Every structure is written in C-alpha cells, then in structure tokens.
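>>> sequence? don't have it. structure:
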C-alpha cells in the first residue's frame with residue numbers, strides 16, 4: 001500500500017511502516033522558523049498557568065533562551081503526545097488534554113487558574129482563546145515560531161492514503177494538490193480531520209486513535225486493509 005506522509009519521518013517510524021507493509025513517501029508541506037520573543041511584552045506579565053499546544057512551541061520556547069524561570073512554579077498545561085513528551089524531557093509534567101478544545105476544559109475545570117500564557121505559533125487556532133475567555137480566564141499568546149506553508153506538488157504517483165498532521169498542513173497540501181476520491185486522508189487529530197473534511201468532502205477522512213505517526217499508520221492498515 002502506497003502512503004504519502006506530509007512531513008518527514010524518522011528511521012524507526014519508517015521501519016514501523018515497513019513492518020505494516022506500507023510503502024511511505026515523505027515530503028514537507030510546512031516549515032517552521034523561530035521568532036525572537038525575548039522582548040515581547042507578554043513576558044512581563046504574571047500568569048497562573050502556561051499552555052503549550054505543539055511540540056514546535058516547546059522547542060521554540062526553550063531553544064531561544066533560559067526561560068525556565070518564567071514557567072517554574074506555575075501550572076503547566078499541554079496537549080498529549082509529542083507536546084507533553086517534549087515537556088517531560090525537560091522535567092515538566094503537564095496536565096493534559098487530547099487537543100486544544102479538551103485542554104481548554106481541563107484548564108477551566110482546574111478552577112484555580114485565572115490567567116494563562118499560551119506558547120504558540122503564528123497560525124494557532126482560536127478555539128483555546130475563545131473557550132478560556134468565555135470562561136472569564138485571561139488569555140495572552142506568546143508567539144515563539146512561525147509556520148510557513150510550502151504549497152508544493154506531491155511526488156508523482158497514486159497514493160492509497162495521505163498522512164496529514166495539522167490544519168496548516170492541510171491548507172498547504174491541498175493548495176497544490178487536488179483532493180482525490182480514491183485517496184484516503186489519515187489525520188493526526190480532530191482539528192486536522194475537520195480541516196480535511198472541509199477541503200475534501202468527497203474523500204474518506206479518518207482520525208488516528210493517538211496523535212502519533214505510528215497510530216496513524218495503524219489506522220491506515222485497519223481502515224483500508226483489515227476492514228475491506
């Protein structure tokens with residue numbers, strides 16, 4: 001089965017794909033670049049909690065300088081999977097939600113959090129801000145990286161499935177590649193799936209059980225092979 005991944009995969013992930021019988025071609029549909037946030041006014045405020053919703057946000061925040069003191073002693077919130085794992089590797093164990101929508105509920109239900117700083121990229125979704133401000137929780141974004149849409153054509157060939165990792169990735173991919181009814185689109189989470197369904201309503205779109213490339217591969221096999 002031929003699969004296109006819209007981001008690069010590491011050696012272990014490619015080995016896992018091979019064990020499942022998936023022939024994967026990779027391409028990057030977005031790229032990220034760090035933003036100098038050292039003098040951002042958001043850093044001068046105090047917050048009850050700090051929120052991370054992407055691995056890029058974690059990497060960008062800690063790569064630019066020693067900002068550990070900004071979040072030490074505060075409640076840390078993160079989406080589960082790669083984002084939470086990246087924080088754990090740096091010694092922070094966050095309270096988690098599967099996606100930004102669920103994470104907002106976790107923050108609201110905490111009851112003690114009245115203000116948060118959201119470490120994010122320039123193309124962040126609005127769901128977190130809308131739910132938190134609706135619950136009277138002060139929300140301040142801190143942009144630490146920018147996402148650039150590459151909008152490139154996929155390598156030639158027919159693919160049984162395409163792996164999509166973010167709403168911005170969906171936008172970038174479909175800006176240069178037409179949806180195909182006979183191609184399935186496997187998404188890493190529900191916000192990505194919603195973007196894919198909106199863009200390719202006539203195609204099969206489904207969501208991985210866990211927000212990892214390995215889970216996406218499992219779902220491709222289960223959906224396109226096992227259930228046939």
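Ah, there it is. Please read all numbers here as calculations on a predicted model, not as lab measurements.

>>> hey, let's count contacts and neighbours off CA atoms from now on
OK.

>>> ok, residue 129 - contacts?
Residues near residue 129 by C-alpha atoms under 8 Å, 6 or more residues apart in numbering: residue 139.

>>> what does the one 4 residues further on give?
Listed by C-alpha under 8 Å, 6+ apart, the contact set of residue 133 reads residue 139.

>>> Give me the secondary structure label for it.
helix (DSSP: H, G, I helix; E, B strand; the rest coil).

>>> With the one 10 residues further on instead?
At residue 143 the chain is in strand, as set by three-state DSSP.

>>> for the one 3 residues further on, same thing?
Taking three-state DSSP as the rule, one finds residue 146 in the strand state.

>>> Is it in contact with residue 30, as I believe?
No: counting by C-alpha atoms under 8 Å, residue 146 does not reach residue 30; the two are 10.1 Å apart.

>>> show me where the chain has strands.
2-5, 23-26, 30-34, 49-52, 75-79, 95-97, 115-121, 138-149, 161-164, 184-187, 205-207 (DSSP state E).

>>> List the buried residues of the one helix or strand in the chain whose mean pLDDT sits lowest.
One helix or strand of the chain scores below all others by mean pLDDT, DSSP states H and E: helix 68-71, with a mean of 78. Judged by neighbour count using 16 or more other C-alpha atoms under 10 Å, the buried positions of helix 68-71 are residue 71.

>>> Distance from that helix to the middle of the chain?
23 Å (C-alpha atoms, centre = their mean, to the nearest Å).

>>> ok, now stretch 67-78?
20 Å.

>>> Equivalent analysis for stretch 57-68, please.
That offset, for stretch 57-68, works out to 18 Å (C-alpha atoms, centre = their mean).

>>> What lies in contact with it?
34-36, 38, 52, 83, 86-87, 119-121, 144-145.

>>> please redo it, this time with the cut-off set to 7 Å
Outside stretch 57-68, the residues that touch it by C-alpha atoms under 7 Å, 6 or more residues apart in numbering are 34, 52, 83, 86, 87, 119, 120, 121, 144, 145.

>>> For those residues, work out which two are farthest apart.
With C-alpha to C-alpha as the measure, no two of the contacts of stretch 57-68 lie farther apart than 34 and 87, at 17.8 Å.

>>> Quickly list what residue 96 is bridged to.
residue 78 (DSSP bridges).
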